[in-house]
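1. sequence and predicted structure, then a few things I'm wondering about:
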Amino acid sequence: MQFSKKGFTFIELMVAGAAFSIIFASATAILFLSIKNQKYNLVHQRLINEANYAVEYMARAIRMAQYDRDNVCGNGLSNYHVGEDDRSVEFVNYQGECEAFYWGGNNQIMVMNQSKFASDVPLISDDFEIIDLIFAKKGDSAGDNKQPLVTITMELREKKLPQKPHILIQTTISQRNLDI
């Protein structure tokens, strides 16, 4: 019996098929991992954008706050009133109205301003939740020769993904008008 040298043996075909299967499975796994990481990165970017919007909104309002000479917010003569649990800050905005930011019961940052909104409004979308929100004030006393500062510490996370991307932000805002 003569054997032809022109074709492949069954063993060679099996080895080539196994090698192709391993390469294909590895490429597929890398593709799925890349898609998963891209989804995580997109959600993390949205989280950063939401946090940035919330901080910028609060910073603009807090920066423009006025000294509460007329006791508009009912907090006595001060620039800012931080709640007992440090979860809220109340002040007189540049239009002379009482405005507040606080950690709402639905894990949202809420804005309270009766002249702008019929009810309190969340600052971030429902896709994200606040894990922690703390306000701290410094230099708020009249005659202390210090500029009033409000420090905001906020931790947010995404609700739906199993990995739950989160971000922790802290910023300090000074009042635009000198308190001297």
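-> Now that the structure is in, tell me what you want to look at.

2. so how many other residues sit close to residue 79?
-> Residue 79 has 24 neighbours, counted by other Cβ atoms under 10 Å. Every C-beta, even on glycine, is put in place using the N, C-alpha and C of the backbone.

3. where does residue 62 sit: helix, strand or coil?
-> helix (DSSP: H, G, I helix; E, B strand; the rest coil).

4. what about it, how many residues nearby?
-> Neighbours of residue 62 under the rule other Cβ under 10 Å: 25.

5. distance of it from residue 134?
-> Computed as Cβ to Cβ, to the nearest Å, the residue 62 to residue 134 distance reads 14 Å.

6. try residue 171
-> Using Cβ to Cβ, we find residue 171 at a distance of 12 Å from residue 134.

7. what of residue 83?
-> 10 Å.

8. the two: who's more crowded?
-> A count of neighbours by other Cβ under 10 Å puts residue 134 above the other of residue 83 and residue 134, at 16 against 13.

9. low-scoring stretches of this protein, by residue?
-> Across the chain, the ranges flagged by pLDDT under 70 are 1-5, 75-77, 141-144, 177-180.

10. can you give me the strands in it?
-> 80-82, 88-92, 98-103, 109-112, 121-122, 128-138, 149-158, 166-174 (DSSP state E).

11. what lies in contact with the longest one?
-> I take that to be strand 128-138. With contacts defined as Cβ atoms under 8 Å, 6 or more residues apart in numbering, strand 128-138 is touched by 46-47, 50, 79-80, 82-83, 86-89, 101-103, 107-109, 124, 146, 148-159, 166.

12. got the CA coordinates for that strand in PDB?
-> C-alpha atoms of strand 128-138 as PDB (Å, rounded to 0.1, in the frame of the first residue of the first chain):
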ATOM      1  CA  PHE A 128     -27.000  57.200  40.800                       C
ATOM      2  CA  GLU A 129     -27.300  57.400  44.500                       C
ATOM      3  CA  ILE A 130     -25.600  59.400  47.300                       C
ATOM      4  CA  ILE A 131     -23.700  57.200  49.700                       C
ATOM      5  CA  ASP A 132     -22.600  60.100  51.900                       C
ATOM      6  CA  LEU A 133     -23.000  63.900  51.900                       C
ATOM      7  CA  ILE A 134     -21.500  66.200  54.500                       C
ATOM      8  CA  PHE A 135     -21.400  70.000  54.700                       C
ATOM      9  CA  ALA A 136     -19.000  71.800  57.000                       C
ATOM     10  CA  LYS A 137     -18.700  75.600  57.500                       C
ATOM     11  CA  LYS A 138     -15.800  77.600  58.800                       C
END
